[in-house]
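Asks: Sequence and predicted structure below; questions after.
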Amino acid sequence: MQLTVARIGRAHGLRGEVALDLRTDTPHERFAVGAVLQTEPATAGPLTVERTRVQQDRWFVTFVEAHDRTAAEALRGVDLVVEADESDEDDAWYPHELTGLRAEHVDGRVLGEIVGLEHLPAHDMLVLRESDGARTLVPFVRAIVPVVDVPGGRVVLDPPGGLLASDAANLVVSDETRGEQDA
């Protein structure tokens, strides 16, 4: 199975450099000079890493096959993919492993089913389809998702009040958030 390690973003400069939206914890390994990466769609590649640089935690790459801005712009939106590695870390999961898992509250109630994973700038979000059909984004952080039990077919959630659509009545809003000011 092929897994996405990055999505090619906008062109940067005139010499074919592109920004990457990373989906890997090991970019130094994945994007080493000389690495050959398959693409989705396959017609865009394979691509060979010629140069990399990191600026303010943002990765930029130049590929042998794209030496000017026009070629770089044509790569925007292309996914860089690798074959799945079975020697994964204990606390790392791929979207296909999470999709379909039952979501349970820490008190044992079934909350719904995980239907996907979205990669957002701050952190990943589990996409939860609640029992009533509502779609809720749940921050995929240990404080809210303390247990991921792929063999057991479940994730355990400990959401703060109001995070889930089914718990909207328990949302706590501060006076600052409401915009109320001291009189």
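Replies: Good, I have the coordinates.

Asks: Just the buried positions in stretch 111-125, please.
Replies: By 16 or more other CB atoms under 10 Å, the buried positions in stretch 111-125 come out as L111, G112, E113, I114, G116, L117, D124, M125. C-betas here are computed from N, CA, C, even on glycine.

Asks: roughly how far is stretch 152-172 from the heart of the chain?
Replies: Centroid displacement of stretch 152-172 relative to its chain, using CA atoms, centre = their mean, to the nearest Å, is 21 Å.

Asks: contacting residues for the closest residue to T24 other than its chain neighbours?
Replies: Closest residue to T24 apart from its sequence neighbours, by CB to CB, 6 or more residues apart in numbering: V5 at 4.2 Å. V5 makes contact with L22, R23, T24, P27, R30, L37, L80, V81, V82, according to CB atoms under 8 Å, 6 or more residues apart in numbering.

Asks: State the pair within those that is farthest apart.
Replies: P27 and V81 (14.5 Å; CB to CB).

Asks: These two: which has the busier surroundings?
Replies: Taking neighbours as other CB atoms under 10 Å, P27 and V81 compare with V81 leading, 20 against 17.

Asks: Can you lay out the buried residues of stretch 111-125 as CSV showing distance to P160 and secondary structure?
Replies: CSV is the format used below for these (distance: CB to CB, whole Å; DSSP: H, G, I helix; E, B strand; the rest coil):
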residue, distance to P160, secondary structure
L111, 14, strand
G112, 17, strand
E113, 21, strand
I114, 18, strand
G116, 21, strand
L117, 20, strand
D124, 18, strand
M125, 15, strand
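
Asks: What is the nearest of the residues you listed to G45?
Replies: Distances from G45 to these, taken by CB to CB, are shortest for L117, at 23.9 Å.

Asks: Next one, pLDDT for that closest one please.
Replies: At L117 the predicted local confidence, pLDDT, stands at 86.

Asks: most neighbours, which of the contacts of V5?
Replies: Neighbour max across the contacts of V5 (other CB under 10 Å) = L80, 30 neighbours.
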